[in-house]
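Novice: Any chance you can model this:
(2 chains)
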Amino acid sequence: MAHLVIGPLTRIFGHASLRVEAEEGISPRVRFSAFGYRGFEMMARGVHVDNLPPLVSRICGPDSLFHQAAACLVVEKALGVEVPPAARSMRELALWAQFFERHAVSLFVHGLPDLLFPSSDPGLRNLVSIYRVDEEVVRRLLSLKSLGTAVLRETGGPTVHGVNFRPGGVVRDLPVESRERLADRLRSGESLLLETARLVKLLLRRSEETVRRAGSIGGSFLAGHDPGGMGITGGSPALFTPGTEVVEPRPVEDLGERLREEPSTSGHVVYAGLEGTEGLTVGPLARVNVNGRYGTPRADEELSELKETWGFPVRYPMVAHALRMLEMLHAWERMLELLREPFRGTLGETLNPAAGKAGVYIEAPEGGLVYGVELGEKGLVEELSIVSPLQFNLRNLEKSLAEAFASVEKEGQERVSDVLHMVVRAYSPCVPCGVH
Amino acid sequence: MDIALLSLSSCLGCQMVFLSLEEYLYELIGGNRVVYAPFLMDKKELHHADLALVEGTVRNTEHFLKAREIREKADRVVALGTCSCFGGVQGLADLYPESRLLRSRFGDTAFEGGPQGVRRLLPLDSFIRVDAYLPGCPPVPALLEGFLRSAVSGDRLSREGATVCAECKVTSPPLPQPGPRRLTEGSGEPGKCLLDSGFFCLGPLTRDGCGALCPSGMGVPCRGCRGPSGRVLERKGADVEGETVRRLARATGKKEEEIRAEVPDPAHTYYFFCLAEPLLRKRRSGGTSPYLHRLGE
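Specialist: Here you go, the predicted model:
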């Protein structure tokens, strides 16, 4: 059996490598290998709930607010606390901002250079090298990212690990003048955003052969069931299995009972799946396949065109690049809507310590994030469980990698490495979340 | 100048700030060569760097070997972020033996290959020599920019450093105040000192440089993300918990024992970012002076 190690993987979130096992006459197998488990679930034991959001925030900088939001939601649910509408809006605004920023990095820093210069040396396919030949391209792409960063700064203080979320609500509202300033800033990026969306669509169409080589995804899709909101503020997910034409709601309690984790022997990312469901996928493809639309005009208009080009339900992992761009458009539209909302009173509820148990599901940028908590009599965390998007996607990621390997294995090691890197970047796995 | 940027075990937050440097980012990548940065570019190996910025902690042999390689190949190594400088939040895992952490998550799974874990979580300079430190979780962009400007120009980094309180624009409320309290019980009065208002604010013991963004700008108590101030570190084994308890007793008019009794999670409340810092456990060998000198940012 031939073993090939590809790694360390580059232009991804975190450290990982691939182990390819290939033998004549047998389907190849590719394992995604990431070590470095950090033990956040154990670290949370005995913690006062006030310390929980800042703790889990440090699981992942790019997704920090999603961990904070999940921690707040699960504590609030365990204690039976209803968060005031003003606090929900502030949280949603900040979450869309981080969603936008995270997708911008995933797309512009990690994925797009491959689509822009597919035949150049992989070592030159990056923003630093591109800047040397065309400053303007890099400035324009990062100026889009900075739209999300600007909203994060105003809504949360520090742009990474913002401090405005707390169990029971938020600490601070956004003054009217800040809302107006941010809305102006967002509107100033409109034409560039639309132009970039067109560019990504074109580049993807130009890379059709690579898109098809990276294979298609079988099995079911799991995503927040929330047309118009995409479930980033929490809610129940739904399952969609192509061919059945049925979107099947899955209450969080049911999800908790059927959730299965199985350690991988090749790394510290634990496989996650639902009992009785084959090949689960979460993330941009799942969100669009489950909900069919985004619920805002610009994003939905672009989605219609994408469906015509790539079919619906969307099954090609590399099309996730274009879907991220549409989700950025949707996030941009939602941020503008939320900035127009008037101030609606109280920002938080007081929490009284009590025992409780709950589970929540929210959509993080790369898919479903599940938090479960048990609080003791004094309201301290006794148990915390976290399932991250990469855990759900790990099996399908490995299948896509094996499929892509089979299609290029005769083209030499460099080409194999190049194509497999592209497949990984299409999934945009978050390794820090995976090895939490 | 040839610059390397890499992470060990981390949340990648420091690298996200690197991408948020805006105009200075272009100045930096336009005027220097980024020779190794796996997060940004597909370069598998580092040959040489004048300056290496290392984010994160050493959790296993893979991280250790990478850190050692960087030390060999870089003229100057910078511990970037609080994980690298003091162990950071990830250092809280040091409350448990590595074997227990792994067993709790993976049971008896036998891994095929893979690195071995380290016995203790410690700051980067417990494993390799570090030339300069930039704590912050993550450092705010202005701080990172100022640091990089000095480092790239070759200037000696000589920020003296005070505490977060020196940058905090608040006034004191009349005492005593209710407390000790946390944000889950409600926010403090805007513009008033959070510690004097009875909150667990570590501003007086935490290194400045962040502009007091959390307490002053957001009304959120300082959790100490820039790490202990020079004064705390100078006093080997300084008692962060004891000092905070004394100040809260004064603010609330309660006895110190009453304050302590209301803190079920002292490690997370007082040592959220620096539980792994040997100085606070009187374990840093060779005394504090060389360390504090290099901490001059």
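
Novice: wait, doesn't A:Ala197 sit right on A:Glu302?
Specialist: Yes. With contact defined as C-beta atoms under 8 Å, A:Ala197 and A:Glu302 form a contacting pair (5.8 Å). Just so you know, the C-beta spots here come from the backbone N, C-alpha and C atoms, and that holds for glycine as well.

Novice: Now do the strands in chain B.
Specialist: Secondary structure of chain B (DSSP state E): strands located at B:2-7, B:33-36, B:49-55, B:74-80, B:132-134.

Novice: and the stretch 151-297 of chain B, which of its residues are near chain A?
Specialist: For the stretch 151-297 of chain B, the residues in contact with chain A (C-beta under 8 Å from any C-beta of the partner chain) are B:182-187, B:210, B:213-214, B:217-220, B:223, B:225, B:263-265, B:268-269, B:272.

Novice: what's the helix or strand A:Glu308 falls within in contact with?
Specialist: According to DSSP states H and E, A:Glu308 maps onto helix A:297-310. Applying C-beta atoms under 8 Å, 6 or more residues apart in numbering or on different chains, the contact partners of helix A:297-310 are A:194, A:197, A:201, A:205, A:288, A:293-294, A:314, A:316, A:319, A:322-323, A:325-327, A:329-330, A:332-333.

Novice: Over to stretch B:171-181?
Specialist: B:189, B:191-193, B:196-200, B:248, B:250-254, B:259, B:262-263.

Novice: got the buried residues for that stretch?
Specialist: Residues of stretch B:171-181 classed as buried: B:Pro173, B:Gln177, B:Gly179, B:Pro180, B:Arg181 (neighbour count, 16 or more other C-beta atoms under 10 Å in any protein chain shown).

Novice: on that earlier part again, any common contacting residues for A:Ala197 and A:Glu302?
Specialist: Between them, A:Ala197 and A:Glu302 share the contacting residues A:Met325, A:Leu326, A:Leu329, judged by C-beta under 8 Å, 6+ apart.

Novice: and A:Arg213, how far is that from chain B?
Specialist: 19 Å (C-beta to the nearest C-beta, to the nearest Å).

Novice: Chain neighbours aside, what residue packs nearest to that residue?
Specialist: Nearest in space to A:Arg213, with sequence neighbours left out and distances taken as C-beta to C-beta, 6 or more residues apart in numbering or on different chains, is A:Ser407 at 4.6 Å.

Novice: Tell me the pLDDT of residue 172.
Specialist: Here I'm looking at chain A. With respect to pLDDT, A:Arg172 scores 94.

Novice: could you do chain B instead?
Specialist: We note a pLDDT of 94 for B:Ser172 in this prediction.

Novice: next SSE after the helix or strand in which A:Gly273 is found?
Specialist: Using DSSP H and E, the element containing A:Gly273 is strand A:271-274. Using DSSP H and E, the next helix or strand after strand A:271-274 towards the C-terminus is strand A:280-281.

Novice: Give the other helices and strands that that next one contacts.
Specialist: With contacts defined as 3 or more C-beta pairs under 8 Å, 6 or more residues apart in numbering or on different chains; DSSP states H and E, the secondary structure elements packing on strand A:280-281 are strand A:220-224, strand A:271-274, helix A:389-408.

Novice: deepest of those, which one?
Specialist: Comparing those on average neighbours per residue, with mean count of other C-beta atoms under 10 Å in any protein chain shown, the densest one is strand A:220-224 at a mean of 26.

Novice: Could you tell me how far it lies from the centre of the chain?
Specialist: The gap between where strand A:220-224 is centred and where its chain is centred comes out at 13 Å by C-alpha atoms, centre = their mean, to the nearest Å.

Novice: could you dump that strand to PDB, C-alpha only?
Specialist: As requested, the backbone C-alpha atoms of strand A:220-224 are provided in PDB (Å, rounded to 0.1, in the frame of the first residue of the first chain):
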ATOM      1  CA  SER A 220     -28.000  14.400   3.700                       C
ATOM      2  CA  PHE A 221     -27.600  18.000   4.500                       C
ATOM      3  CA  LEU A 222     -28.200  19.500   8.000                       C
ATOM      4  CA  ALA A 223     -28.800  23.200   8.600                       C
ATOM      5  CA  GLY A 224     -30.700  25.700  10.600                       C
END
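
Novice: Is the closest residue to chain B within chain A in a helix, a strand, or coil?
Specialist: Residue of chain A nearest chain B, by C-beta to the nearest C-beta: A:Gly61 (2.8 Å). Taken by DSSP: H, G, I helix; E, B strand; the rest coil, the conformation at A:Gly61 corresponds to coil.

Novice: didn't it look like it was pressed against B:Leu12?
Specialist: Yes. Because the distance of 4.8 Å satisfies C-beta under 8 Å, A:Gly61 is recorded as touching B:Leu12.

Novice: quick one: common contacting residues for these two?
Specialist: Taking C-beta under 8 Å, 6+ apart as the contact definition, A:Gly61 and B:Leu12 share the neighbouring residues A:Pro432.

Novice: Contact residues of the stretch 301-436 of chain A facing chain B?
Specialist: Counting by C-beta under 8 Å from any C-beta, the stretch 301-436 of chain A sits next to chain B at A:Leu347, A:Gly348, A:Thr350, A:Leu351, A:Lys378, A:Leu380, A:His421, A:Pro432.

Novice: Among those residues, which pair sits farthest apart?
Specialist: Longest distance between any two of these is 49.8 Å, between A:Thr350 and A:His421; criterion C-beta to C-beta.

Novice: Comparing those two, which residue is more hemmed in?
Specialist: For A:Thr350 versus A:His421, neighbours defined as other C-beta atoms under 10 Å in any protein chain shown are more numerous around A:His421 (22 against 10).

Novice: That one: what's it in contact with?
Specialist: When contacts are counted by C-beta under 8 Å, 6+ apart, A:His421 is found next to A:Ile6, A:Leu9, A:Thr10, A:Arg11, A:Asp114, A:Pro122, B:Asp42.

Novice: Are we agreed that A:Arg38 is in a helix?
Specialist: No. Under the criterion used here (three-state DSSP), A:Arg38 is coil, not part of a helix.

Novice: Tell me, how many residues neighbour it?
Specialist: Using other C-beta under 10 Å, A:Arg38 is surrounded by 25 other residues.

Novice: What sits closest to it if chain neighbours are left out?
Specialist: With C-beta to C-beta, 6+ apart as the measure, B:Gln90 is the residue that lies nearest to A:Arg38, at 5.5 Å, once sequence neighbours are left out.

Novice: So the one you found is in contact with B:Thr57, correct?
Specialist: Yes. With contact defined as C-beta under 8 Å, B:Gln90 and B:Thr57 form a contacting pair (5.2 Å).
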